[in-house]
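> What would the 3D arrangement of this be:
(one chain, ligands or ions: 1)
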Amino acid sequence: MSDSLETLKPVPEPDAESAPYWQGANDGRFMFQRCSTCGKSQFYPRSLCRHCRARELKWEQSKGLGKVASYSVVHRAPTPAFRTNSPYVLALIDMDEGFRFMCNVIHCDPASVGIGDTVRVVYESRPGSTQKIPQVEKI
Ligand SMILES: [Zn+2]
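Numbers count the residues shown, from 1 in each chain. Prediction:
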């Protein structure tokens with residue numbers, strides 16, 4: 001691996017199941033799946049409903065709002081690419097539409113993040129890619 005690859009953050013490689021999610025992110029829309037059989041939402045994208053295993057799933061646009069369910073402040077970056085961000089917050093977000101989303105809480109002091117904080121989805125650009133990455137910020 002070259003130095004430049006080690007300093008680049010990973011970027012997603014959309015597949016058939018996740019392509020609508022990633023395209024939505026590029027368009028500023030946070031997309032998730034809802035089961036046409038049981039009506040429950042799910043995230044990440046899958047070919048089956050994680051609740052009832054039905055295959056009839058539809059895409060919906062989230063309002064992009066949720067609350068911090070749990071989080072950790074990362075002080076020791078897992079790869080060189082993330083060192084400039086350390087310390088940073090890795091969080092589980094309970095979105096208002098009923099699914100849980102893992103991401104970074106950005107644009108704030110990591111020490112200010114707490115369980116129950118209200119957040120909204122924002123889109124991060126990464127060098128070397130045109131793919132936008134959904135993250136959240138406190139509101
Ligand atoms: Zn279902």
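
> CA only for contacts and neighbour counts going forward, please
OK.

> who does the longest strand seen in the chain touch, helix- and strand-wise?
When the chain is parsed with DSSP state E, its longest strand is strand 65-74. Applying 3 or more CA pairs under 8 Å, 6 or more residues apart in numbering; DSSP states H and E, one finds that strand 65-74 contacts strand 88-95, strand 118-124.

> do that again at 10 Å, thanks
The elements that strand 65-74 packs onto, with contact taken as 3 or more CA pairs under 10 Å, 6 or more residues apart in numbering; DSSP states H and E, are strand 88-95, strand 100-105, strand 118-124, strand 133-138.

> After the longest helix that the chain contains, which helix or strand is next? Please name it.
Secondary structure assigned by DSSP state H gives helix 19-26 as the longest helix of the chain. Proceeding N to C from helix 19-26, the next assigned helix or strand is strand 31-35, under DSSP states H and E.

> So which elements touch whichever helix or strand comes after that next one?
Using DSSP H and E, the helix or strand that follows strand 31-35 towards the C-terminus is strand 41-42. Judged by 3+ CA pairs under 10 Å, 6+ apart, strand 41-42 is in contact with strand 31-35, strand 57-61, strand 100-105.

> Tell me which of these is the most buried.
Between these, strand 31-35 has the highest mean count of neighbours, a mean of 22, where neighbours are mean count of other CA atoms under 10 Å.

> what's next to that strand, contact-wise?
With contact meaning CA atoms under 10 Å, 6 or more residues apart in numbering, strand 31-35 is reached by 18, 20-25, 39-64, 97-99.

> With that, I have no additional questions.
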